[in-house]
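Chemist: What would the 3D arrangement of this be:
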Amino acid sequence: MEYFNDFLSRVINLLSEFLFVFNKTLFKIGDSEVSIGTIVVFFASFYLLVIISKNVRLLLLNKILARSKLKKSFRESLANGVRITMMLIGTIIIIQAVGIDLSALSLLAGALGVGIGFGFQKVTDNLISGLTILVEEPIKVGDRVEVGDVSGDIVNISLRSTTIVTNDNISIIVPNSEFVSSQVINWSHNNRIIRFRLPVGVSYNEDPEVVKKLLLEVADENPNVQKEPKPKVFFDSFGDSSLDFRLGVWTSTYTDKPEFLKSEIYFAIFKKFRENNIQIPFPQRDIHIKSQPK
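Modeler: Take a look at the predicted model:
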């Protein structure tokens, strides 16, 4: 019995020392004392807040909003907005619950706000641009676009950025402000049928009508060229070394891979011209040398 009492006394002493250290004030924020216990409770509560907000976002996105007729990009933005709101409100509640006076943080928040305001100008710009995109819909998921040096298919639009996948299967994250402040080419804004114009040059010795006929045959024989609208041949200009034409073809299958279709057609044009003895010229220069009188 004496051994048990001694053991119990040691346990109580250890708990007392632990609680003393746990509740020992490390520093003060205004009139609020911050201890190890305060920090532990804060981070444990914040971790639970992150888990709960994440699950609420998934519930909204996959269960509730999935039943609505809202577009996917808007549903994702709405679910993300709810999570961010929960995180902000939850963090304020946790800070007050652990006994930290928010008024003591106001001066610090004001100083940080100025610095953060400058640092987050781009973020704010992208968020506003994201809302503009979601409302006006100049672009949408699935569109084929060119913005700056980036060309590819849009796979995701969030409030801050848009994800574009190139033909090389590389994902590029583009800030939303680029789609509002820069010129954007949307190849599939109306539909997925677009026209390509391929330049072709032939010798001045060739008959333009024959060239037109052969080019239309090439377009008609390619399964990836639309029958309607019909392909057209444009007599573009009298070049320095060639008669310049443009073959206009419509396609819906190679909207995202225009170089594939161009390659197919140029291979077929070269073969068709060779079979019909059509000359493809190359730049030439005549040099006349005059001898000076002695």
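Chemist: Report the separation between Ser177 and Lys122.
Modeler: Look at Ser177 and Lys122: by Cβ to Cβ, to the nearest Å, they are 7 Å apart. For the C-beta atoms, the positions are set from N, CA and C on the backbone; glycine is no exception.
Chemist: List the contacts of stretch 231-245.
Modeler: Residues outside stretch 231-245 that contact it (Cβ atoms under 8 Å, 6 or more residues apart in numbering): 197, 199-204, 206, 208, 211-212, 215-216, 219-220, 225, 246-250, 280-284.
Chemist: before we move on, back to that, look at Ser177 and Lys122 and report which has more neighbours.
Modeler: Ser177 (20 against 12; other Cβ atoms under 10 Å).
Chemist: That one against Thr124, yeah?
Modeler: No. Counting by Cβ atoms under 8 Å, Thr124 is not a contact partner of Ser177; they are 9.7 Å apart.
Chemist: Quick one: the helices in the stretch 151-294 of the chain, in order.
Modeler: Assigned by DSSP state H, counting those that start in this stretch, the helices in the stretch 151-294 of the chain fall at 177-181, 208-221, 258-275.
Chemist: what sits up against the longest one?
Modeler: Same thing as helix 258-275. Residues outside helix 258-275 that contact it (Cβ under 8 Å, 6+ apart) are 167, 196, 198, 200, 202, 214-215, 217-219, 221-222, 224-225, 247, 249, 251, 253-254, 278-280.
Chemist: picking up where we left off before, of the contacts of stretch 231-245, just the buried ones, ChimeraX syntax please.
Modeler: To isolate the buried ones among the contacts of stretch 231-245 in ChimeraX, judged by 16 or more other Cβ atoms under 10 Å, type:
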select :200,201,202,206,211,212,215,216,219,225,246,247,248,249,250,281
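Chemist: Among the contacts of stretch 231-245, which lie within strands?
Modeler: 197, 199-202, 246-250 (DSSP state E).
Chemist: Rebuild those residues as JSON lines, extending it with pLDDT.
Modeler: Shown next, in JSON lines, are the ones in strands among the contacts of stretch 231-245 (pLDDT from 0 to 100):
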{"residue": "Arg197", "pLDDT": "86"}
{"residue": "Pro199", "pLDDT": "92"}
{"residue": "Val200", "pLDDT": "91"}
{"residue": "Gly201", "pLDDT": "90"}
{"residue": "Val202", "pLDDT": "91"}
{"residue": "Arg246", "pLDDT": "91"}
{"residue": "Leu247", "pLDDT": "91"}
{"residue": "Gly248", "pLDDT": "89"}
{"residue": "Val249", "pLDDT": "88"}
{"residue": "Trp250", "pLDDT": "87"}
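Chemist: which of these lies closest to Ile51?
Modeler: Trp250 (52.0 Å; Cβ to Cβ).
Chemist: The longest helix seen in the chain packs against which elements?
Modeler: Counting by DSSP state H, the longest helix found in the chain is helix 72-97. Contacts defined by 3 or more Cβ pairs under 8 Å, 6 or more residues apart in numbering; DSSP states H and E place helix 72-97 against helix 36-59, helix 121-136, strand 150-157.
Chemist: quick one, that helix and helix 36-59 angle?
Modeler: With axes from the mean of the first three to the mean of the last three Cα atoms, to 10 degrees applied, the angle from helix 72-97 to helix 36-59 works out at 160 degrees.
Chemist: to the chain's geometric centre, what's the distance from helix 72-97?
Modeler: 23 Å (Cα atoms, centre = their mean, to the nearest Å).
Chemist: Name the residues of stretch 253-266 that are buried.
Modeler: 254-256, 258, 261, 264-265.
Chemist: same question but for stretch 56-68, I mixed them up
Modeler: When burial is assessed from 16+ other Cβ under 10 Å, stretch 56-68 yields the following buried residues: 57, 60-61, 65.
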